[in-house]
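[1] Just the structure for this:
(one chain, ligands or ions: 3)
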Amino acid sequence: MKNDKIKRTLLEALAKAGKIIRSHFGKEQKITKKGEFNLVTEIDKASEKAVVDLILKRFPGHSILAEESPAVTGSECRWIIDPIDGTTNFAHGFPIVSVSIGFEQNGRLEMGGVLDPTRGELFFAERGKGAFLNGKRIHVSKAKTLTDSLVVTGFPYDRKQDPDHYLSLLRAFLTQVQCIRRTGSAAIDLCYVACGRFDGYYEMKLNPWDKAAGMLLVEEAGGKLTDFSGNPLTLESVQNLATNGLIHEEMLRSLEPFKRLG
Ligand code: IPD
Ligand code: CA
Ligand code: CA
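    Ligands and ions are numbered 1, 2, ... in the order given. Below is the predicted model:
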């Protein structure tokens, strides 16, 4: 597979989606609901169409896993797309949104890009070649303890079914870390771990499109990714933990009572 053509396509698709998101940001959105709290706007769909159309024009046989449309299967090359990560933020005009594209070959992530169109920040990683923010090499932070760590988390859309699980997880960290944030975009959370703005991130029940690109960013920036039991993180893992590596064991110890949550 020609990596430069993949890279060019991935970056072009991010730019196209970013332009659509930016031009509609802060305006009133046409919203439908996929669940009580789970929104989708016309712009999620427009962004996804722009990305998928471009990829399939360049690579007609490739597989696609995109949030808002049925999966296209059959190729060992697969593109994993979140057309707007942070839809709730987008719908409210809260400026933390991203578009995320991962590229996988034979089940292994090879490339990933996340664009924050409101800040003009482009995160990109290619396996074995490092992670970058706007072309500059990035690395995870050097924080060694939870007390010195800024940790980020998120809350899944099914939180009404079992709020106590998510609250007890939050409680476990609240008294141990320097502070906790919730941005509303899992892709941004992972990229911020990759560039050292956050030291650790945990969240239950992410979808593959939320994390595909961000996972490679963290890996290539020198971070560590596991589930709550310390097993390597996969796109299917229900429990997700990403850190700078240095605080990983300490976070795993705090997550010990939650290993069985699913
Ligand atoms: C959501 C965001 C959020 C996370 C949710 C995701 P969406 O994605 O990444 O940060 O907490 O679990 O579903 O719905 O905005 O694409
Ligand atoms: Ca998402
Ligand atoms: Ca989305």
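
[2] can we go C-alpha only for contacts and neighbour counts from here?
    Noted.

[3] how close does the residue lying closest to Gly184 once chain neighbours are set aside sit to ligand 2?
    Excluding the flanking residues, the one nearest Gly184 by CA to CA, 6 or more residues apart in numbering is Gly86, at 5.3 Å. In this view, Gly86 and ligand 2 are 6 Å apart by CA to the ion, to the nearest Å.

[4] Phi, psi for Gly86 please.
    phi 110, psi 40 (degrees, to the nearest 10).

[5] neighbours around it, how many?
    Neighbour count for Gly86, taken as other CA atoms under 10 Å: 23.

[6] how about it, what does it touch?
    Contact analysis of Gly86 by CA atoms under 8 Å, 6 or more residues apart in numbering lists 96-98, 184-186.

[7] top of those by neighbour count?
    Val97 (31 neighbours).

[8] Quick check: that residue touching Asp82?
    No: applying CA atoms under 8 Å, one finds Val97 not in contact with Asp82, separated by 10.8 Å.

[9] how close does the most centrally placed residue in the chain get to Glu110?
    A centroid search over the chain (CA atoms, centre = their mean) returns Ala187, at 2.2 Å, as the residue closest to the centre. Here Ala187 is placed at a distance of 16 Å from Glu110 (CA to CA, to the nearest Å).

[10] just Pro232 next, same as before
    17 Å.

[11] More neighbours: which of the two?
    Remark: of Pro232 and Glu110, Glu110 carries more neighbours, 20 against 13, as counted by other CA under 10 Å.

[12] quick one: the helix or strand containing that one near ligand 2?
    Using DSSP states H and E, Glu110 maps to strand 108-116. No: counting by CA under 5 Å from the ion, ligand 2 is not contacted by strand 108-116; separation bottoms out at 11.7 Å.

[13] Is that strand positioned near ligand 3?
    No: Strand 108-116 lies out of reach of ligand 3 by CA under 5 Å from the ion, never closer than 12.5 Å.

[14] Any buried residues in that strand, and which?
    For strand 108-116, a neighbour-count test (16 or more other CA atoms under 10 Å) marks 109-116 as buried.

[15] residue in the stretch 1-150 of the chain nearest to ligand 1?
    Gly86 (3.3 Å; CA to the nearest ligand atom).

[16] how about the helices in this protein?
    Under the criterion DSSP state H, the chain contains helices at 3-24, 42-58, 87-92, 163-174, 186-194, 208-220, 248-255.

[17] Residues contacting stretch 118-137, please?
    By CA under 8 Å, 6+ apart, stretch 118-137 touches 22, 95-97, 109-116, 138-139, 191, 194-195, 213, 216-218, 220-221.

[18] need the residues of the protein near ligand 2, please.
    Counting by CA under 5 Å from the ion, the chain sits next to ligand 2 at 85, 210.

[19] Show me what the mean pLDDT comes to for stretch 169-176.
    What stretch 169-176 shows for mean pLDDT is 93.
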